[in-house]
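Colleague: Fold the following for me, if possible:
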Amino acid sequence: MSDKFHLEIVTPEGVIFSGDAKFAQFPGSEGELGVLPGHASLVTLLKAGAIEVVDVSDRKEIVAISWGYLKIDERKVSVLADGAVYIGGSSEGEIATALQKAKDLISSMGTDSATFASTVARIDTIARQK
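Modeller: Numbering: from 1, shown residues only. You can find the predicted model right below:
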């Protein structure tokens with residue numbers, strides 16, 4: 001069994017993230033969903049929130065999504081999202097800009113205030129670790 005899987009996060013505008021990962025956590029419609037290499041095949045709905053990815057170099061990446069679908073099969077893990085923002089950059093300014101875009105995306109979905117607050121707190125925490 002492989003120690004990684006390929007993850008793609010795609011929106012109508014194009015590919016937001018594409019790379020190999022050791023682990024990813026998704027905001028499933030029924031709660032958080034963790035995926036490791038060799039996960040059983042699955043298709044499920046994702047709600048607004050943050051996707052946390054641990055890449056093969058043990059770096060944490062984060063992508064905020066509005067909502068979408070998660071598909072897991074033996075070859076790869078795919079997210080088809082209505083809207084998504086990759087939170088990253090090489091400077092604090094770039095990361096701050098991406099954070100604001102992610103917050104705007106999540107708030108535009110009209111999610112309840114508790115969901116919005118917990119998602120924003122999680123995004124902020126992970127972004128500070130970059």
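Colleague: going forward, measure contacts and count neighbours with C-alpha atoms only.
Modeller: Fine.
Colleague: got the residue ranges for the helices in the chain?
Modeller: Along the chain, counting by DSSP state H, helices occupy 92-108, 113-128.
Colleague: Out of the ones you listed, which gets the lowest mean score?
Modeller: If you rank the helices of the chain by mean pLDDT, helix 113-128 sits at the bottom with a mean of 67.
Colleague: how about the residue nearest the centre of the chain, what does it touch?
Modeller: What sits nearest the mean C-alpha location of the chain, by Cα atoms, centre = their mean, is Ile51, with 2.1 Å. By Cα atoms under 8 Å, 6 or more residues apart in numbering, Ile51 lies in contact with Ala24, Gln25, Phe26, Pro27, Ile62, Val63, Ala64, Ile65.
Colleague: Out of those, which sit inside strands?
Modeller: Among the contacts of Ile51, the members found in strands (DSSP state E) are Ala24, Gln25, Phe26, Pro27, Ile62, Val63, Ala64, Ile65.
Colleague: Check what pLDDT the first one gets.
Modeller: Turning to Ala24, the model gives it a pLDDT of 96.
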